[in-house]
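In: one predicted model, sequence on top.
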There are 2 protein chains.
Amino acid sequence: MREDRRAILRSIAAASLGGATVAASAADAQHPSVSNDADMHDMSAFPPQWKGTEQIVMLVYPEFTALDLVGPHYMLSSLWGATVKIVAGSKAPVRSDTGLVFVPDLALGDVPRSVDILFVPGGGQGTLAAMQDKRLVRWVADRARRAKLVASVCTGSLVLGQAGLLRGRRATSHWATHGLLREFGAIPVQERVVWDGDLVTGAGVSAGLDLGLAVVAKLRDRAYAQCVQLLAEYAPQPPFDAGLPSTAPKDVQQMTASMFDRLLVEMKQTARQALSGG
Amino acid sequence: MREDRRAILRSIAAASLGGATVAASAADAQHPSVSNDADMHDMSAFPPQWKGTEQIVMLVYPEFTALDLVGPHYMLSSLWGATVKIVAGSKAPVRSDTGLVFVPDLALGDVPRSVDILFVPGGGQGTLAAMQDKRLVRWVADRARRAKLVASVCTGSLVLGQAGLLRGRRATSHWATHGLLREFGAIPVQERVVWDGDLVTGAGVSAGLDLGLAVVAKLRDRAYAQCVQLLAEYAPQPPFDAGLPSTAPKDVQQMTASMFDRLLVEMKQTARQALSGG
């Protein structure tokens, strides 16, 4: 059993370091296909049950919040055998709300009909626009129908809601938009990571790190996820205790909440149009 | 005074939401210039002292770790009046070690001689290659000389070390590479975020969120940073207590550490060549 444990952990090492090794040997290839196959490593000693075959698709759209994506992406890309692709409306570069520009791997139409995991990040005005993008919402609804796991972070859950995926489901969202969950028929839950069968939703932005680790633990096991946590040195020490409305100073909370006033009105209107239209 | 406090917080709102608003009004522009000017907002009520003018440059290189960059980028891009640019060896897209592809704003040579803040993320094999890239290391040494603040996360501190910037300075790094800091003449400190005058270094990967908030607090004030923390809903809840070698299960710790054996040898050789050569 001890040997088994070591093999599990070696598989994580191979998955995590595999990408770097492959890329170093193909430095001239700008966009090599991304797969955690760790082809460069001798995997014969590893128990085959620790190698997955998940096809993971992570959506991006103009003005999404990059940290919503990149936290979970760090964790999910450690899954040995999994393939992680970034998908957007087209293959043109996509600008995040803080100005980072990402090159997607695939356009929506290029994604296989069946994928195992579908992930949707959040944002502000960009997420409102995504909720109003009928082609994008239809695509999310379609791929979610056949996915084994649908995941979101932050206001990404509102895109899932718009696609009709939250009806009767326990879910969460960024604290500022949590009150909108009922518009989609969801059961709002005030937790950082909320599971409901094959649906997992995370709270705002940085909750993606916790969600990503939880998904890794679910798909592999506790030791695998602990190894990924250690790799990420995820022993957080926020300098203040202001990460929640209930712990932030009252004036900080009030003013930050007020930033969302207009956005909330528009998101609520959009949600109601979807329900009446759908 | 209460009005002043409200004005401070409104400035954060404007900075954070400014990018999204500008972009929404210029949806056809793929790569608008990124500046937190919040031009679309009426800033006349804001106390001018809360608007900064920082020119922030964040370096990327092939196979860097995206989360090292994107955690601090979320925080720094909230600074009202600051300009944040992503810089690479050339303007060609840069692939991170988990396969995310970023489009830089600038090539090294396009960066003004003087920038206010220089940030360097870490990685594995990619960081080793960056340490061995004489042009890149010379550029880091040069821009750091005139910067008001030099920052790194994870093994990014080794690139700073290679550029001669850690001699006699308190610094940290990813736990796996912490032992290499002495190779550069640094004073290794076992803390998550380590300040030494105009140098701030963070521990591994996820420490970038804590470092980013600490820098925001230093450049603006506590209330500003608390508002950014609340926006990020940064109230972390790691599912396990395995983020440090001292808290992870022993076999998880041993195997994860062993992943770095070969890399550490190569990084140490590179560090010693730099010292003997310089």
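Out: Here it is on my side, so go on. Numbering: from 1, shown residues only, chains lettered A, B, ... in the order given.
In: residue contacts, A:Pro236?
Out: Residues in contact with A:Pro236, defined by CB atoms under 8 Å, 6 or more residues apart in numbering or on different chains, are B:206, B:209-210, B:234, B:236, B:238, B:243. Just so you know, the C-beta spots here come from the backbone N, C-alpha and C atoms, and that holds for glycine as well.
In: which residues of the stretch 51-200 of chain A lie near chain B?
Out: A:62-63, A:65-67, A:70-71, A:73-74, A:77, A:84, A:86, A:92-93, A:95, A:97-103, A:105, A:123-126, A:129, A:154, A:174-175, A:192-193 (CB under 8 Å from any CB of the partner chain).
In: out of the residues you listed, which are buried?
Out: Among these, those buried by neighbour count (16 or more other CB atoms under 10 Å in any protein chain shown) are A:62-63, A:65-67, A:70-71, A:73-74, A:77, A:84, A:86, A:93, A:95, A:97-103, A:105, A:123-126, A:129, A:154, A:174-175, A:192-193.
In: out of those residues, list just those in strands.
Out: Among these, DSSP state E puts A:84, A:86, A:95, A:101-102, A:193 in strands.
In: hmm, which two among these are most spread apart?
Out: Spanning the widest gap among those are A:Val101 and A:Val193, at 28.8 Å by CB to CB.
In: any idea how far B:Val216 is from the closest residue to A:Asp105 other than its chain neighbours?
Out: In this structure, A:Asp105 finds its nearest non-sequential neighbour in A:Lys85, 4.4 Å apart by CB to CB, 6 or more residues apart in numbering or on different chains. A:Lys85 sits 33 Å away from B:Val216, going by CB to CB, to the nearest Å.
In: more crowded one of these two?
Out: Between A:Lys85 and B:Val216, counted using other CB atoms under 10 Å in any protein chain shown, B:Val216 has the larger neighbour count: 25 against 20.
In: phi, psi of A:Gln269?
Out: Taking degrees, to the nearest 10, you get phi -60, psi -40 for the backbone angles of A:Gln269.
In: next, count neighbours for it.
Out: A:Gln269: 13 neighbours (other CB under 10 Å).
In: any idea how far it lies from B:Asp68?
Out: For A:Gln269, the distance to B:Asp68 - CB to CB - is 39 Å.
In: what segments of the stretch 101-250 of chain A are helices?
Out: Secondary structure of the stretch 101-250 of chain A (DSSP state H, counting those that start in this stretch): helices at A:125-131, A:134-146, A:156-162, A:207-219, A:222-231, A:250-258.
In: report the buried residues of stretch A:229-243.
Out: Buried, per 16+ other CB under 10 Å, within stretch A:229-243: A:229-236, A:238-240, A:242-243.
In: help me confirm that A:Leu67 comes into contact with A:Ala207.
Out: No: under the criterion of CB atoms under 8 Å, A:Leu67 is not in contact with A:Ala207, lying 10.1 Å apart.
In: A:Asp68: what's it in contact with?
Out: Contacts for A:Asp68 were tallied using CB under 8 Å, 6+ apart; they are A:121-123, A:153-154, A:156, A:205, A:208.
In: export those residues as JSON lines, with columns for pLDDT and distance to A:Leu180.
Out: Output for the contacts of A:Asp68, formatted as JSON lines (pLDDT from 0 to 100; distance: CB to CB, whole Å):
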{"residue": "A:Pro121", "pLDDT": "98", "distance to A:Leu180": "17"}
{"residue": "A:Gly122", "pLDDT": "98", "distance to A:Leu180": "12"}
{"residue": "A:Gly123", "pLDDT": "98", "distance to A:Leu180": "14"}
{"residue": "A:Val153", "pLDDT": "98", "distance to A:Leu180": "15"}
{"residue": "A:Cys154", "pLDDT": "98", "distance to A:Leu180": "12"}
{"residue": "A:Gly156", "pLDDT": "98", "distance to A:Leu180": "13"}
{"residue": "A:Val205", "pLDDT": "98", "distance to A:Leu180": "16"}
{"residue": "A:Gly208", "pLDDT": "98", "distance to A:Leu180": "19"}
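In: what's the farthest-apart pair in the residues you listed?
Out: Farthest pair in the contacts of A:Asp68, by CB to CB: A:Gly123 and A:Gly208, 12.6 Å.
In: any common contacting residues for the two?
Out: Contacts common to A:Gly123 and A:Gly208, judged by CB under 8 Å, 6+ apart, are A:68, A:154.
In: how close does the residue in the stretch 51-200 of chain A that chain B sits nearest to sit to A:Ala186?
Out: When scored by CB to the nearest CB, the stretch 51-200 of chain A has A:Gly99 as its residue closest to chain B, at 3.3 Å. Using CB to CB, A:Gly99 is found at 31 Å from A:Ala186.
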